[in-house]
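A.B. asks: missing the sequence, but the structure's below:
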């Protein structure tokens, strides 16, 4: 299994540009999440999904959109990038159910918005 | 919602010393408390977790303690080694549903040889 994969690894955008951060997992996990990591701020939840067709907002959803058309993929869209969105983005997944709470993280995408 | 406070933000120790990182949580219904380690440039990975039905759990040099009454839990690392240098995150969540963990802000542990 490849686990959780993310592309690209690094991206530079100009203010106002749009882009999609890709996340995929091959573990058949129903739950998937997007976090952003900023210095001193920990891991903050952007959006999450509990299954195909179901998404919900996390702590910092503004400026980001998500969709979940398949179990495997959970892309994160930036519609109009802003310098405040410069961050490291992590996707995570886990199976449902009690005793299955471990989050499996992807390698991260480092985004710089100029 | 849940709020997790983590202290200290930075911890510097000498190799062989012990290190303790403390977290508090606000939601009394939280019953699952994992700890993740993130090495420089890498992804966070689970190192140990504890559930609310136990007060302490050990795995070799690391241990976690939980005080449900006070709503705090701690990570203890004994005989620290340079490879323990990393950022450590605590988290808290409920179990049995679609609950997503809330993370603390992280502790940067530096172990000096």
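C.D. replies: Cool, got the structure. None of these values were measured; they are calculated from a predicted model.

A.B. asks: how about the helices in chain A?
C.D. replies: With helices called from DSSP state H, chain A shows none.

A.B. asks: Return the residues of it in contact with chain B.
C.D. replies: If contact is defined as CB under 8 Å from any CB of the partner chain, the residues of chain A in contact with chain B are A:31, A:33, A:35, A:40-45, A:48, A:50, A:58, A:90, A:96-99, A:101-103, A:105-108. Heads up, the C-betas are built off the backbone N, CA and C, glycines and all.

A.B. asks: Can you select the buried ones among these for me in PyMOL?
C.D. replies: For anyone working in PyMOL, the buried entries among those, judged by 16 or more other CB atoms under 10 Å in any protein chain shown, can be selected with:
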select buried, chain A and resi 31+33+35+42+43+44+45+48+50+58+90+101+102+103+105+106+108
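
A.B. asks: who touches stretch B:52-65?
C.D. replies: Applying CB atoms under 8 Å, 6 or more residues apart in numbering or on different chains, the external contacts of stretch B:52-65 come out as B:30-33, B:35, B:47-50, B:66-68, B:73-80.

A.B. asks: Filter the residues of chain A next to chain B down to the ones in strands?
C.D. replies: Secondary-structure check on these using DSSP state E: residues within strands are A:31, A:33, A:35, A:42-45, A:48, A:50, A:90, A:105.

A.B. asks: centre of the chain versus stretch B:45-65, how much separation?
C.D. replies: Once both centres are worked out by CA atoms, centre = their mean, to the nearest Å, stretch B:45-65 turns out to sit 9 Å from its chain's centre.

A.B. asks: re earlier: want to try TSV for the ones in strands among the residues of chain A next to chain B, with pLDDT as columns?
C.D. replies: Shown next, in TSV, are those (pLDDT from 0 to 100):
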residue	pLDDT
A:31	93
A:33	96
A:35	97
A:42	90
A:43	94
A:44	94
A:45	94
A:48	95
A:50	91
A:90	98
A:105	97
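
A.B. asks: Widest-spaced pair of those?
C.D. replies: Greatest spatial distance in those: A:42 and A:50, 22.4 Å, computed using CB to CB.

A.B. asks: Not counting its neighbours along the chain, what's nearest residue A:13?
C.D. replies: Ranked by CB to CB, 6 or more residues apart in numbering or on different chains and with sequence neighbours excluded, the top spatial neighbour of residue A:13 is residue A:81, at 4.5 Å.

A.B. asks: Counting neighbours, what do you get for that neighbour?
C.D. replies: As a burial measure, residue A:81 scores 21 neighbours (other CB atoms under 10 Å in any protein chain shown).

A.B. asks: and what of the one 3 residues further on?
C.D. replies: Residue A:84 has 11 neighbouring residues, counting by other CB under 10 Å.

A.B. asks: Tell me how far it lies from residue A:113.
C.D. replies: 8 Å (CB to CB, to the nearest Å).
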